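S.K.: model this:
(chains A and B)
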Amino acid sequence: QVQLVESGGSVVQPGRSLTLSCVVSGFTFNNYGMHWVRQAPGKGLEWVAVISSDGSDKQYTDSVKGRFTISRDNSDNTLYLQMNSLTVEDTAVYYCAKIDCGRDCPPDSWGQGTLVTVSS
Amino acid sequence: IVITQSPLSLPVTLGQPASISCRSSQSLVHSNGDTYFHWFQQRPGQSPRRLIHNVSNRDSGVPDRFSGSYSGTDFTLKISRVEAEDIGVYFCLQGTHWPWTFGQGTKVEIK
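M.R.: Next up, the predicted model:
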């Protein structure tokens, strides 16, 4: 059974850093690109970043470029999101997700999310 | 790429059809000819799940009352007969161009 379990969310002051983790099980992690998607309280979904299956390619939404870094450890089935210079606008539930979809579109999978609150 | 979703709120009657639209600011046809446009459902208190991938393909386990279509840069999700379990927020997502972008979401609620 597929499981994605995020952790690392907490309350942090503006300007500080935080690293989120997502431990995956139930599928062959190193076969899939992985994404982070966030959702501010009471708001819609915002795509944040993606990393290719081997970690060689990464893409980010404009608002986090230069501040966030996505990475993965395929030996540990873990996805990471390092977040620096956090602002109040980064307050959100962060989901890790397997949502890559090309011509062959495998089933999507999402974690339960981890809450990051940026506040002084 | 900006995705404009409408309506933002959709009161529905059980058993009646419902329709949600997303309009893209640019063509979503990939250089390989495919169009990577997807629909997600987020029930209250749950993580999202994909309903439709690549414009019109239902994901596994999705009831056939859900369908997706498009015309140019306009994409539509239709529910043929709304059931109580369909209540939630629906999002569209373009995955053709970086960065991927979601629509604003449509909250479907019972009248």
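
S.K.: Could you show which parts of chain A are in contact with chain B?
M.R.: Residues of chain A lying close to chain B (Cβ under 8 Å from any Cβ of the partner chain) are A:37, A:44-47, A:50, A:59-62, A:95, A:97, A:99, A:101-103, A:105, A:107-108, A:110-113. (Glycine included, C-beta is placed from N, CA and C.)

S.K.: who's in contact with the residue sitting nearest the centre point of chain B?
M.R.: In chain B, the centroid-proximal residue (Cα atoms, centre = their mean) is residue B:39; its distance is 3.4 Å. Residues in contact with residue B:39 (Cβ atoms under 8 Å, 6 or more residues apart in numbering or on different chains) are B:20, B:50, B:51, B:52, B:66, B:68, B:77, B:90, B:91, B:92, B:93.

S.K.: now the strands for chain A?
M.R.: Along chain A, counting by DSSP state E, strands occupy A:3-7, A:11-12, A:18-25, A:34-39, A:45-51, A:58-60, A:68-73, A:78-83, A:92-98, A:109-110, A:114-118.

S.K.: whoops, I mixed them up, chain B
M.R.: Ranges of strands in chain B, per DSSP E, are B:3-6, B:9-12, B:18-24, B:37-42, B:49-53, B:57-58, B:66-71, B:74-79, B:88-94, B:101-102, B:106-110.

S.K.: what pLDDT, on average, does the first one get?
M.R.: Confidence over strand B:3-6, taken as the mean pLDDT, stands at 98.

S.K.: now it, how far from the chain's geometric center?
M.R.: Here the centre of strand B:3-6 is set off from its chain's centre by 10 Å, with Cα atoms, centre = their mean, to the nearest Å.

S.K.: Strand partners (parallel or antiparallel) of it?
M.R.: In the sheet, strand B:3-6 lines up against strand B:18-24 (antiparallel) (DSSP bridges).

S.K.: What lies in contact with the strand it pairs with?
M.R.: The contact list for strand B:18-24, computed with Cβ under 8 Å, 6+ apart, reads B:1-7, B:10, B:12, B:37, B:39, B:73-79, B:82, B:86, B:90, B:92, B:94, B:103, B:106, B:108.

S.K.: List the buried residues in that strand.
M.R.: B:18, B:20, B:21, B:22, B:23, B:24 (16 or more other Cβ atoms under 10 Å in any protein chain shown).

S.K.: Nearest to residue A:13, out of those: which one, please.
M.R.: residue B:22 (37.0 Å; Cβ to Cβ).

S.K.: who's the residue nearest to the centre of chain B bridged to?
M.R.: Going by DSSP bridges, residue B:39 forms beta bridges with residue B:52, residue B:92.

S.K.: Which pLDDT value does the model give it?
M.R.: For residue B:39, the predicted pLDDT is 98.

S.K.: and residue B:77, bridged to which residues?
M.R.: With DSSP bridges as the rule, residue B:77 is bridged to residue B:20, residue B:68.

S.K.: List the contacts of it.
M.R.: Residue B:77 sits next to B:19, B:20, B:21, B:22, B:39, B:51, B:52, B:66, B:67, B:68, B:90, B:92 when contact means Cβ under 8 Å, 6+ apart.

S.K.: circling back: the residue nearest to the centre of chain B and chain A, how far apart?
M.R.: Remark: distance between residue B:39 and chain A (Cβ to the nearest Cβ, to the nearest Å) = 11 Å.

S.K.: Next one: that residue relative to residue B:101, how far apart?
M.R.: 14 Å (Cβ to Cβ, to the nearest Å).

S.K.: So which residue is dead centre in chain A?
M.R.: Geometric centre of chain A, nearest residue: residue A:36, 2.7 Å, by Cα atoms, centre = their mean.

S.K.: Look at it and report its pLDDT.
M.R.: Looking at residue A:36, its pLDDT is 98.
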